[in-house]
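Student: predicted model, plus sequence, below.
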Amino acid sequence: MNIKKTLLIWGCVLTSTYSFSQTLHNIMFCDTNDPDIGESVSEDNDRELDEIDDIAGYIGYKIVRYVYNGSNCTKSNLMKVVNSIQTNANDVIVFYYSGHGTHAPGQSNDEFPQLLLNSRYEGDFVPARIVAEQLNKKPHGLLLILTDCCNNIVNGVTPKSTLSQLQTTTIAKSSEAANYKRLFMESKGIIMATGCKLGQTSIAIKDGGLFSICFWDKLYAECSKGNNPSWQNILRETTKETMAQASRFREEQEPYFEIDINGTNVGGTTPVPIPTPPAPSNTNNHISTNTPLTNVLATILSKQDVSQRLNMIPQILNSHFPKGGHIVTLGRNLETVVDYEEAPAFFRRIASSKKIVRINVIKEETASDGLPYITVTEMRTE
Amino acid sequence: MKTIKILSFFIILSFFPCLTFAQQLTQKEKEELQIRVKNKIEDFQQYISQIASRKVSPQNKDVAIANALELFIGKGKDYYLTEIDEKNGKETKVHNDAVTMQTAGKRLGLHRPQPMMDYLKELKNKTKYTRLVVESADAVYVDSIIQQLPNGQYEGVAYYHQKYYDNLENRLAYSHSLKKKIKIIFDIKEVPTPNGSLKIWQVWLGNMVINQITT
């Protein structure tokens, strides 16, 4: 942070009529230990802390942090915080999650994901909606819920960032402070935003989650341009930018948000009841997270040498497809089947490809012929 | 028309009969499958570069050949169409020759198309090409016009560029660029799924002919 910005922020802090009378509660859960996306999530972790510092400085609130990353990013810690947090009216609560996410089959009435929270056991997953409902019971001014995770599956290969251009040098102005105040202090209600729509994956790059990067960038952009900032604009612009950036990776990622502040509902649908977490899945038909197969695919693609990749195939086929099986590849719309291959041909193709950088396993099921039926999407470079 | 041709390939090793009656490609499916066509042609370009390269081991060249053949209708072998007589429903298998590739000679005369498998094997054994350079992925163009045939199958065309460099003893002896036209076939196949079965569209590459030669 440059000196000018620091001085201005502190100037705002010292002169604010709200100085230290109110609190910005920052609840952050980041799965920084994840072997696949941990590096990217760590960037999200650091960026979020910086941004909250700035926001609290602009609006003159003191910060109370509830930071849970690494092995502390767990369901028990999350539930403890959301149940026990003490807040006052007009306090700002910012809940932020970065990590793996998923969505239960048959929960199309709730667009928001379930947070995996460093666990692969389904009983540990917590719907973002539950977090929102619990926190919404507490006294607050603005409640902002941000989740940057998949709404189905994340595999963690992180393509090289093309977003470094988005990182702008910030120069604080007094108008920015006014805009931050307008957004955070004059908004009363709840905003929920998540990195992608139901059924989509959320891209994690080296610099962090695509959605997170775009959100913080657009928040700053909206506050720095003066005049009449609105959450609606910020989230619309975030959505637009995230989609544009995702298309560079030949992926579809459209953030989803619901705004219910100051008596106005924008985005999404009307609030829905808290969904019941899905029953534990059986072994034959389940949504994959970090199953052995997803790890195997990530391992293949992490090797540069084609011979090394090809040498892995016989063992993979013996372990996962001893009697054969089929791989179904979905198109970018996650609906249209664009390929149906026998397992050996699929793995041979993946191993030989210089263009495929990631395979997302959507489902691992068993077909009516008794053979594995694996649904995937693939991500290619230009 | 007395008969309805139903494409089902009975390649020697594979496949269930394919039922192609009445199913239409939606606009959404067309768009997705056209992207897949581009992917497949890009993959093909990569495979032929590997097959022609001196730096790739014979074993890996064989894998590239196998991968390349997976892209084509019939997988490089002869395949059969099934004709069903509308009156009695009797099925007749109609033989189709394996997919072919047309090449150009040193003097840029056009050769007679040869079976794809022969072309790929010949490419592997040719040592004269030190580099077979694909112009760029963007050179792949998939025509947006996809037409449905009476047998229910859809057909389209795509184009790609390929550059050949013949580099003998570090001396550039011969080079040319070809624009090739590829027939694309969109065929339907019924596959077993967890919930029974599903009819899915499959993209296959067909015969390739030279559309343009540039020296």
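Tutor: Great, that's in hand.

Student: wait, is residue A:216 part of a strand?
Tutor: No - the assignment for residue A:216, made by DSSP: H, G, I helix; E, B strand; the rest coil, is helix rather than a strand.

Student: that one: how many residues sit nearby?
Tutor: For residue A:216, the count of nearby residues is 22 (other Cβ atoms under 10 Å in any protein chain shown). For glycine as for every other residue, the C-beta is placed from the backbone atoms N, C-alpha and C.

Student: ok, residue A:115 to chain B distance?
Tutor: 27 Å (Cβ to the nearest Cβ, to the nearest Å).

Student: where does chain B have low pLDDT?
Tutor: B:1-22, B:81-86, B:91, B:105-109, B:127-139, B:164-176, B:214-215 (pLDDT under 70).

Student: of all of it, which residue lies closest to chain A?
Tutor: Closest to chain A within chain B is residue B:32: 3.3 Å, counting by Cβ to the nearest Cβ.

Student: so residue B:29 sits in a strand?
Tutor: No - under three-state DSSP, residue B:29 falls outside any strand and is assigned helix.

Student: residue A:330 is in contact with that one, correct?
Tutor: No - at 11.6 Å, residue B:29 does not count as touching residue A:330 under the criterion of Cβ atoms under 8 Å.

Student: what ranges does chain B have for its helices?
Tutor: B:27-52, B:58-70, B:116-125 (DSSP state H).

Student: deepest of those, which one?
Tutor: helix B:27-52 (a mean of 21; mean count of other Cβ atoms under 10 Å in any protein chain shown).

Student: contact partners for residue A:350?
Tutor: Applying Cβ atoms under 8 Å, 6 or more residues apart in numbering or on different chains to residue A:350 gives the contacts A:297, A:300-301, A:309, A:356, A:359, A:378.

Student: what do you get if the cut-off is 7 Å, keeping everything else the same?
Tutor: By Cβ atoms under 7 Å, 6 or more residues apart in numbering or on different chains, the contact set of residue A:350 is A:297, A:300, A:356, A:359.

Student: got the phi and psi for the last one?
Tutor: Think residue A:359. phi -120, psi 120 (degrees, to the nearest 10).

Student: next, the angle helix B:27-52 makes with the strand or helix carrying residue A:313.
Tutor: For residue A:313, the host element (DSSP states H and E) is helix A:306-320. On the basis of axes from the mean of the first three to the mean of the last three Cα atoms, to 10 degrees, helix A:306-320 is oriented at 120 degrees to helix B:27-52.

Student: burial measure for the closest residue to residue A:325 other than its chain neighbours, as a count.
Tutor: Ranked by Cβ to Cβ, 6 or more residues apart in numbering or on different chains and with sequence neighbours excluded, the top spatial neighbour of residue A:325 is residue A:372, at 3.4 Å. Using other Cβ under 10 Å, residue A:372 is surrounded by 20 other residues.

Student: so residue A:372 makes contact with residue A:366?
Tutor: Yes - Residue A:372 is in contact with residue A:366 according to Cβ atoms under 7 Å; the separation is 6.2 Å.

Student: and the biggest strand by length in chain B, what's buried?
Tutor: The longest strand of chain B (DSSP state E) is strand B:171-193. In terms of neighbour count (16 or more other Cβ atoms under 10 Å in any protein chain shown), strand B:171-193 has its buried residues at B:174, B:178-193.

Student: ok, now stretch A:73-88?
Tutor: A:73-75, A:77-78, A:81-82, A:85, A:87.

Student: contacts for that stretch, please.
Tutor: With Cβ under 7 Å, 6+ apart, stretch A:73-88 has contacts from A:25, A:27, A:29-31, A:66, A:68, A:93, A:99, A:117-119, A:124, A:126, A:131, A:134-135, A:138-140.

Student: ranges for the strands of the stretch 51-200 of chain A?
Tutor: Using DSSP state E, counting those that start in this stretch, the strands of the stretch 51-200 of chain A run over residues A:62-69, A:92-98, A:101-102, A:114-115, A:126-127, A:142-148, A:189-194.

Student: could you dump those into TSV with mean pLDDT and mean neighbour count added?
Tutor: Output for these, formatted as TSV (pLDDT from 0 to 100; neighbours: other Cβ atoms under 10 Å in any protein chain shown):
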stretch	mean pLDDT	mean neighbour count
strand A:62-69	92	17
strand A:92-98	96	27
strand A:101-102	84	25
strand A:114-115	89	27
strand A:126-127	88	22
strand A:142-148	95	26
strand A:189-194	94	23
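
Student: for the ones you listed, which one sits closest to residue A:37?
Tutor: strand A:92-98 (8.4 Å; Cβ to Cβ).

Student: helices or strands next to the closest one in the packing?
Tutor: strand A:23-30, helix A:38-59, helix A:128-136, strand A:142-148 (3 or more Cβ pairs under 7 Å, 6 or more residues apart in numbering or on different chains; DSSP states H and E).

Student: paired strands for it, with orientation please.
Tutor: The pairing partners recorded for strand A:92-98 under DSSP bridges are strand A:23-30 (parallel), strand A:142-148 (parallel).

Student: quick one on the thing from earlier: which of the contacts of residue A:350 are buried?
Tutor: Buried, going by 16+ other Cβ under 10 Å: A:297, A:300, A:356, A:359, out of the contacts of residue A:350.

Student: which of the contacts of stretch A:73-88 are buried, as a ChimeraX select command?
Tutor: Per 16+ other Cβ under 10 Å, the buried members of the contacts of stretch A:73-88 correspond to this ChimeraX selection:
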select /A:25,27,29,30,31,66,68,93,99,117,118,119,124,126,131,134,135,138,140
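
Student: for residue A:96, give the beta-bridge partners.
Tutor: residue A:28, residue A:146.

Student: show me the contacts for it.
Tutor: Residue A:96 touches A:28, A:48, A:146, counting by Cβ under 7 Å, 6+ apart.

Student: ditto for residue A:212
Tutor: A:44, A:47, A:98, A:148.

Student: contact residues of chain B facing chain A?
Tutor: Contact residues (Cβ under 7 Å from any Cβ of the partner chain) of chain B with chain A: B:28-29, B:32-33, B:35-36, B:39, B:42-43, B:46, B:57, B:60, B:63-64, B:66-67, B:70, B:137, B:189, B:191-194, B:196-197, B:200, B:202-203.

Student: burial count for the nearest residue to residue B:183 once chain neighbours are set aside?
Tutor: The shortest distance from residue B:183 to any non-neighbouring residue, by Cβ to Cβ, 6+ apart, is to residue B:206 (3.3 Å). Other residues within reach of residue B:206, judged by other Cβ under 10 Å, total 17.

Student: from residue B:60, how far off is residue B:206?
Tutor: Separation of residue B:206 from residue B:60 (Cβ to Cβ, to the nearest Å): 26 Å.

Student: tell me where the stretch 251-382 of chain A has strands.
Tutor: A:256-261, A:264-266, A:286-287, A:326-330, A:337-342, A:356-366, A:372-380.

Student: save the ones you listed as JSON lines, and put in mean pLDDT too.
Tutor: Below are the strands of the stretch 251-382 of chain A laid out as JSON lines (pLDDT from 0 to 100):
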{"stretch": "strand A:256-261", "mean pLDDT": "91"}
{"stretch": "strand A:264-266", "mean pLDDT": "68"}
{"stretch": "strand A:286-287", "mean pLDDT": "36"}
{"stretch": "strand A:326-330", "mean pLDDT": "94"}
{"stretch": "strand A:337-342", "mean pLDDT": "95"}
{"stretch": "strand A:356-366", "mean pLDDT": "85"}
{"stretch": "strand A:372-380", "mean pLDDT": "88"}
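
Student: and of those, who's closest to residue B:153?
Tutor: strand A:337-342 (16.2 Å).

Student: now what about that closest one, what contacts it?
Tutor: A:324, A:326-331, B:32-33, B:36, B:189, B:191, B:200, B:202-203.

Student: CA atoms only: put it into CSV for me.
Tutor: C-alpha atoms of strand A:337-342 as CSV (Å, rounded to 0.1, in the frame of the first residue of the first chain):
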residue,chain,number,x,y,z
VAL,A,337,-22.3,-34.9,-25.0
VAL,A,338,-19.5,-34.2,-27.4
ASP,A,339,-17.6,-37.4,-27.0
TYR,A,340,-18.1,-41.0,-25.9
GLU,A,341,-14.9,-43.0,-25.7
GLU,A,342,-13.7,-46.3,-24.4
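
Student: much appreciated, bye for now.
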